[in-house]
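Novice: Predicted model, plus sequence, below.
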Amino acid sequence: MNNSNFILTLVICSGIIVSSSAMAVEQSSTKATGVISREFGANSSNWDTAPFNIFSFTLTQRIFPTLIISRGDGPVSPMRYAPIQIESSKLIVSDPATGRAMTVDQLLNRRIMNNGLVVIHKGYVVHESYRNGLSRELRHINMSTSKSFTGMLAQIALQKGYFKENELASKYVPELRGKKAWKDVTVRDVWDMRDGTKFVEDYEDENSDVRIQDRSTGWRKRGKGDPEGLRGFIKKYVNEKINPTGKVFNYSSIQTDILGLIVQGASGKPLAEFFEQELWSKLGAEHDAGFGTDGFGQPIAQGAISMTLPDFARVALLVLNKGKSFNGRQIIDEAFFDDLVTPNQTLKDAFQEQYKFIAPNGNYRSQFWVIDAEKKQFMMVGVYGQIAYFDYENEFALVCFGSYPIAKDALLVQSLGKLMDAMLDASSIEPATVRPNLNVLNSVGR
């Protein structure tokens, strides 16, 4: 391993540096104390809620012990800008709350609470804007768009021959071994969240599975009796079978962490190291990324990746180019992206079991939300307004970071729909039938 290409920093609350012996270590000046701002009372109990999230989403290294994922020493992928940029202050939409006319700028500020937006059409950036203190150089948490990154890392591990998708997940995750609920769950079942195990993702119930997991991983302050870290949580929980394996899609954030452990176990490399070596350092990123951990050295694959908005846009370009980087290197097999937008009745049936009123033609594949496979529309989605939307037929992508006051609601979904329509129109994309159904945003967690 070339240490100059891998700089990994992990600062835990006690101030101890933890690293693999093969890794070069660089001390960070920021410690994960669980406090964002003593003056304003922003800490591990409320950092992801309003009004604190409007600034805490760029300071998550104070909540999570954060691994720094080096961009490497290669060239930066150039961002190509269209000669005529879309001016959001001149686009008029109907306010979904009042029906009155408002500019897209007002929509972004008042309804979406957007922090940054990039729109791409035919390989060119046609709009880029920042607000609420975000800048090109600041990392912002990705929330559950992190899941799609983990899905792409799993594809890289698969194409390198580290595992086969029909192998049992328990082969690579010791904490799953011996559990009856996991006796027939394959890697592919985990990848598509069709494992059939119980996981309640209710953020309002402090005793739900996701909230216990949050406390176990440092997303919230750990309580007495809570498991220690992700591995501790997996060992103690996700033990109950509620659906036949492979038959029903159930959105379950812990499955992404299990997928990350599969990549780690199969490759023999720490997940953050794999992320850096196989994806981030090859992307042409301009800045290092961050990977928040559970305080016990394990990255939180489901939602704690952070990066700058321009680098998120570079990821969008990688996806639009079906895994091919700016310099022509095929980082992720093209077949992976073709598979995302290939109609699959098995996936559709599994999705429709619980989500038939959300997206009639939707499914969930490889940690991506597929809005409509036939129209080749799919998304990476995170709560509070983190989105990457893709439309292959129109060579269109929209990526944004946000700090909406609550995780999700109908007003946010409708406002994002207004934004999408305005940007599609301004990019001269017709007809109206290409408009995506964004109702899946009301189902996503983290």
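Specialist: Yes, it's here.
Novice: can you pull the contacts of residue 363?
Specialist: Contacts here follow C-beta atoms under 8 Å, 6 or more residues apart in numbering; on that basis residue 363 touches 249, 344, 347-348, 350-351, 370, 373. To be clear about C-beta, it is placed using only N, CA and C from the backbone, and glycine gets the same treatment.
Novice: give me that answer again for 6 Å
Specialist: If a contact means C-beta atoms under 6 Å, 6 or more residues apart in numbering, then residue 363 has 347-348, 351, 370 as its contacts.
Novice: Just checking, which helix or strand succeeds whichever strand or helix holds residue 230 along the chain?
Specialist: Element membership for residue 230 (DSSP states H and E) is helix 229-236. The element immediately downstream of helix 229-236 (helix or strand, assigned by DSSP H and E) is helix 253-267.
Novice: Which helix runs longest in the chain?
Specialist: Scanning the chain for the longest helix, with DSSP state H as the assignment, gives helix 410-426.
Novice: Now do the buried residues in it.
Specialist: Taking 16 or more other C-beta atoms under 10 Å as the basis for neighbour counts, the residues of helix 410-426 that come out buried are 412-424, 426.
Novice: likewise stretch 268-285?
Specialist: Applying a neighbour-count criterion of 16+ other C-beta under 10 Å, the buried positions in stretch 268-285 are 269-285.
Novice: now the farthest one out in this structure, which residue is it?
Specialist: residue 100 (33.3 Å; C-alpha atoms, centre = their mean).
Novice: all strands for the stretch 1-150 of the chain, in order.
Specialist: In order along the chain, the stretch 1-150 of the chain carries the following strands (DSSP state E, counting those that start in this stretch): 7-8, 24-25, 35-37, 42-43, 66-69, 92-94, 101-103, 114-121, 124-130, 140-141.
Novice: Contacts for the last one, please.
Specialist: When you say that, I think you mean strand 140-141. Judged by C-beta under 6 Å, 6+ apart, the contacts made with strand 140-141 from elsewhere in the structure are 57-58, 60, 306, 401.
Novice: Could you export the residues you listed as CSV, including neighbour count?
Specialist: Formatted as CSV, the entries for the contacts of strand 140-141 read as follows, by neighbours: other C-beta atoms under 10 Å:
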residue, neighbour count
57, 28
58, 22
60, 22
306, 26
401, 31
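Novice: Select, from these, the two members most distant in space.
Specialist: Comparing all pairs in those by C-beta to C-beta, the longest separation belongs to 60 and 401, at 12.1 Å.
Novice: coming back round to it: among the strands of the stretch 1-150 of the chain, which is nearest residue 317?
Specialist: Closest of those to residue 317 is strand 114-121, at 6.6 Å (criterion: C-beta to C-beta).
Novice: got the contact list for the residue lying closest to residue 377 once chain neighbours are set aside?
Specialist: Among residues not flanking residue 377 along the chain, residue 371 sits closest, at 4.3 Å (C-beta to C-beta, 6 or more residues apart in numbering). Taking C-beta under 6 Å, 6+ apart as the criterion, residue 371 is in contact with 359, 362, 377-378, 436-437.
Novice: Which pLDDT value belongs to residue 371?
Specialist: For residue 371, the pLDDT comes out at 93.
Novice: what's the answer for residue 28, then?
Specialist: According to the per-residue confidence, residue 28 scores 43 in pLDDT.
Novice: Equivalent analysis for residue 408, please.
Specialist: Here the pLDDT value assigned to residue 408 is 84.
Novice: Please apply the same query to residue 203.
Specialist: pLDDT recorded at residue 203 is 81.
Novice: cool, and residue 1?
Specialist: Residue 1 carries a pLDDT score of 38 in this model.
Novice: any idea how the chain splits into domains?
Specialist: In the assignment given by automatic domain parsing, the structural domains of the chain cover 88-138+319-353+362-442, 157-258.
Novice: among the ones you listed, which is nearest residue 38?
Specialist: By C-beta to C-beta (comparing all of the domains of the chain), the closest turns out to be domain 157-258, at 15.2 Å.
Novice: Low-confidence stretches in this structure?
Specialist: By pLDDT under 70, the low-scoring segments of the chain are 1-30, 431-435, 439-445.
Novice: From the centroid of it, which residue is nearest?
Specialist: Centroid check for the chain by C-alpha atoms, centre = their mean gives residue 145 as the closest residue, at 1.6 Å.
Novice: List the residues that contact that residue.
Specialist: Listed by C-beta under 6 Å, 6+ apart, the contact set of residue 145 reads 380, 382, 386, 388.
Novice: The nearest residue to residue 59 once chain neighbours are set aside - how many residues pack around it?
Specialist: Nearest-residue entry for residue 59: residue 36, 5.4 Å, with adjacent residues in sequence omitted and distances by C-beta to C-beta, 6+ apart. For residue 36, the number of neighbouring residues by other C-beta atoms under 10 Å comes to 23.
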